[in-house]
Every structure is written in C-alpha cells, then in structure tokens.
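Participant: what follows is a predicted protein model with its sequence.
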Amino acid sequence: MEAWKNYLNTHKERFLEELVELLKVPSISADSNHKGDMRACAEIVKKRLEASGADKAMILETAGHPSVYAEKIVDPSKPTVLVYGHYDVQPPDPLELWNSAPFEPLIKDGKIYARGSADDKGQFYMHVKALEILTQTNTLPLNIKFLIEGEEEVGSPNLAKLVHEEKELLACDVILISDSAMISLETPSIDTGMRGLAYIQVEVTGPNRDLHSGVYGGAVANPLTILSKMIASCHDENNHITIPGFYDDVLEATPEERALLSQAPYDDEEYKKDLGVNATWGEKGYTSIERTGIRPTLEINGMWGGYTGEGSKTVLPSKAFAKISARLVPNQSSEKITEILLNYFRQIAPPGVTVKAENHHGGEPYLTPLDSKGYQAAAKAIETTFGKKPIPVRGGGSIPICSLLEKELGCKIVFMGFGLDNDNLHSPNEKYDLANFYKGIETIPYFHQYFADANA
C-alpha cells in the first residue's frame, strides 16, 4: 500500500536512530559482567514495542536473562502472527580486529557496523517498525505478538520452560522469524530450514603438571598433540565425517531439492575472493551451497593449551582443550549426536592421557513446508516488493528454539531473513546494509496482509 511506503519514507531516519540506540547497548548474554546491560536492553525493547503500537508489553523473567513479550490484538477471531527474535549478541572478541568500536555504531557506505546489527537487533527491529507502520496507518489486518528473548546466543537454556508456562499467552497461527540471510537484494531468497546444533567441549589431561619439553618431551604424551590427532581422525581424505553413527539418521535431499538449490546464483571465484582463500573445502560430491545447507558438518570452534604468550616457553602442557560443534540436518537429533560425539572422544583416547568430554548446548534442525500458508505469504510478500519470486534455500546456521516453538505452540515457522551471508555474523566488523533494513520494513506488512487473506 502506498500509505506504508510513505510512512516509511517519512520516518526512516528516526527508525535508524532508534536502531543505533539499541545497538549501543552491549547485551552480551555469555558474559555475566553484562547482566545489567541485558536488563537495560530488554527495557529498551519493551519501550519501543509500546511506542510502536503494542497494546501490552512486558518483561518475562527467567532463571537467566529476561525475555520481552508484546501484543497488538485487533480481533481475537483473526489470525495471529508471533514474531520471534533475540536482543542478546555474541561477544565482540577479538576487539583488535574491529575497524570501529563494536558498540559505537558506525554508518559508512550504506551500512551500519556494530555487534548485533544483523544478528539480530537490526532484523527483529524491522518487525517493530512494521508494527508501527500498520498501526499508524490503521491497516493492521491481524493480531501480532512478539517474543524477543535474551539468551539465543547461549543456546536459549530457559526458553523451553518459559514457552511451556506461557503457551496460552503465546498462542498463534504462525511464527515469523528474521534471523537469517537472503542471497541479495537482486536475488531474494527464503530459508526453508535451519540446521540443528550439537556443541561439546573436550579436555585432554596428561601429566599432573606442565613439564619441561626438553627433559620430558618424547617420553610423556603431550595433550595438545594427542588432541590434535583425535580431531584429525574425525574426517577422511574426502572430508567425510568418520565418527561411527554420525550419518545414520540424515534425511538426504532429493534430486528435486538439489535442483532448486542450484538455481541460487553462485560464483566460486567471488566466494573465494570474499573470504580471502584460494580454494573451497568440504565433503566430496557436494557444492559449497549444499555443504552449508543440506549436509551435516563438524567444526573446531576453538583449541587451546600450553603457552601462548609473547616469546617462547618450552613447555609440555598438562592439559589441552577444544570446543567442537556439529551442524545437523533433518532427522538428526542433537541429543543423539551429542552422545555420539562425547563417546567418540572418550573412547579413542590413547594410553597416557585421560579425556573429559561434556555437552554445552544443542538444538534441532527445522524445515518449513513450501506449501504452508505462512511460506506462501512470505514468498508473495517478497515478490511484491522485490519484483521477483524468492528462491527457496536452506540456511546453514541454527536457531535452536524452532522445533521447541513448533512443538509447544503447534504451528509452523517461516524464516524471512533480510541479512546477507557476508554480514560478518559472530565475527569482527559485523554490519547490516541499510537498504536491507528498510526493505525488510517495507516487505513485512505485506506478509501480514497476505497471511490474513489466506486465513480469511
């Protein structure tokens, strides 16, 4: 509707100023030193939802960081959309690799640089401003609820209990999430699913203290060497994961699904240039797009031990550590894969060391049916504002709460992400293109209209 676009154009600078205010808050859920910032950020989100037209907004307490709930009910007989997002962000480390301060938003070359700009403050805030547009133009065609949590980046440990206890409050007909990416503004796409996650930590212990590497080296197992060998054993020469049972439950993509994925534009040389690598890497027999969407993976997220300070210290360390995560595809269970990983590292430990392996967190994979009313409404909305049909793709990341939300609330999830793969999520210099931010605000009202029409 013309009124929507006119309202956006009139208020777009204010919308950006409000986002900047939100991005200034270092809402790092993983760091207990930022507990106060988490609370402050939740309060800002609540205030902005109220100002944008919510009839009710409240802080929902948990055993950890709070969530924010809000609603605008126009008619209980009309369909209800639940918007899910998160206001917590990843730690900004390593700080020395940022070109600007992570919590001092910098607008440059049509982009806003700040931690959380794309993941997920900039994206969930599009929905807050879409609500304002619909309420201020008196065109809201259905009911909208918001659940903006504060623990997504640490695995949402308290969300299951919250959702179970507040099922009636959160009742809806579809769940709408913008915490993902599209190919580009020129080639729009919709994620039809997300991979699951199994995350563990492995600790290898050798001698009872750090040793002199000259006096003891060669006679005592070095935990770092042993851990390196254990990790190296996880892949074969074709980069296929060798851990027994890992692939047992994988739902293989059909030839038709792979054909749809192949429609996405992809330039191998551009991909390598953007990442600064001279070759891609991955499971033999699959393209890069398939490797990051329809195939499970195993990655080392961090490894440490021994001396890492300035200069040299000839030490044989007592301990070595690694953080390891697996991305999972449909039919794989995070609980089952976690046990497989833990048992694997415990069982392959050679004499001379002991292994402690423990679970951090996980989440289930998720698929959205292409024939669902929610997906169809999203595809139609994007076609309306972009002028072309979106390509269905699989997201490589994980949103652990998807399966939980569907199970508890009994409805499907639709992903309408407006970020880009090169937004540096979880990395230094995270950014969000302002064109994508505004395009999301322009598109979301159409989703609500088309979903309401489909349920009329």
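Facilitator: Now that the structure is in, tell me what you want to look at. Since this is a predicted model, take the numbers as computed values, not measurements.
Participant: show me what the helix or strand of the chain with the lowest mean pLDDT is in contact with.
Facilitator: Comparing helices and strands within the chain by mean pLDDT, DSSP states H and E singles out helix 255-261 as the least confident, with a mean of 87. Applying C-beta atoms under 8 Å, 6 or more residues apart in numbering, the external contacts of helix 255-261 come out as 253, 287, 289-290, 293-294, 391-394. Glycine gets a C-beta too; all of them are placed from N, C-alpha and C.
Participant: out of those residues, who's nearest residue 404?
Facilitator: Of all the contacts of helix 255-261, residue 404 sits closest to residue 394, with 19.8 Å by C-beta to C-beta.
Participant: describe which strands the helix or strand harbouring the closest one pairs with in its sheet and in which direction.
Facilitator: Per DSSP states H and E, residue 394 falls inside strand 391-395. Partner strands and pairing direction for strand 391-395 (DSSP bridges) are strand 189-194 (parallel).
Participant: which residues touch the strand it pairs with?
Facilitator: Taking C-beta under 8 Å, 6+ apart as the rule, strand 189-194 contacts 180-183, 264, 330, 365-368, 370, 375, 378-379, 382, 390-395, 397-399, 402, 414-417.
Participant: residue 426: what's it in contact with?
Facilitator: By C-beta under 8 Å, 6+ apart, the neighbours of residue 426 are 90, 119.
Participant: any idea where the helices of the chain begin and end?
Facilitator: Using DSSP state H, the helices of the chain run over 2-23, 35-51, 121-136, 159-165, 167-170, 223-232, 255-261, 268-275, 288-291, 334-347, 373-386, 402-409, 434-454.
Participant: and the nearest residue to residue 417 once chain neighbours are set aside, how many neighbours?
Facilitator: Nearest non-adjacent residue to residue 417, counting by C-beta to C-beta, 6 or more residues apart in numbering: residue 180, 3.0 Å away. Residue 180 has 26 neighbours, counted by other C-beta atoms under 10 Å.
Participant: pLDDT at residue 180, what is it?
Facilitator: We have a pLDDT of 92 for residue 180.
Participant: right, and it touches residue 393 too?
Facilitator: No - the criterion here is C-beta atoms under 8 Å, and residue 180 misses it with residue 393 at 9.5 Å.
Participant: pretty sure residue 131 sits against residue 142.
Facilitator: No - counting by C-beta under 8 Å, residue 131 stays clear of residue 142, with 11.4 Å between them.
Participant: OK, contacts around residue 34?
Facilitator: With contact set as C-beta under 8 Å, 6+ apart, residue 34 has these partners: 26-28.
Participant: any idea how far residue 456 is from residue 450?
Facilitator: When C-beta to C-beta, to the nearest Å is applied, the distance between residue 456 and residue 450 equals 11 Å.
Participant: how about stretch 171-180: buried residues?
Facilitator: Across stretch 171-180, burial judged by 16 or more other C-beta atoms under 10 Å covers 172-180.
Participant: what do you get for stretch 180-188?
Facilitator: Residues of stretch 180-188 classed as buried by neighbour count (16+ other C-beta under 10 Å): 180-183, 188.
Participant: kindly report the same for stretch 415-422.
Facilitator: Buried-residue list, stretch 415-422, by 16+ other C-beta under 10 Å: 415-421.
Participant: again with stretch 62-71
Facilitator: Here stretch 62-71 shows 62, 64-71 as buried, counting by 16+ other C-beta under 10 Å.
Participant: mind putting those residues into a markdown table with distance to residue 216 and pLDDT?
Facilitator: What follows is these, written out as a markdown table (distance: C-beta to C-beta, whole Å; pLDDT from 0 to 100):
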| residue | distance to residue 216 | pLDDT |
| --- | --- | --- |
| 62 | 48 | 98 |
| 64 | 44 | 98 |
| 65 | 46 | 98 |
| 66 | 51 | 98 |
| 67 | 52 | 98 |
| 68 | 55 | 98 |
| 69 | 58 | 98 |
| 70 | 61 | 98 |
| 71 | 65 | 98 |
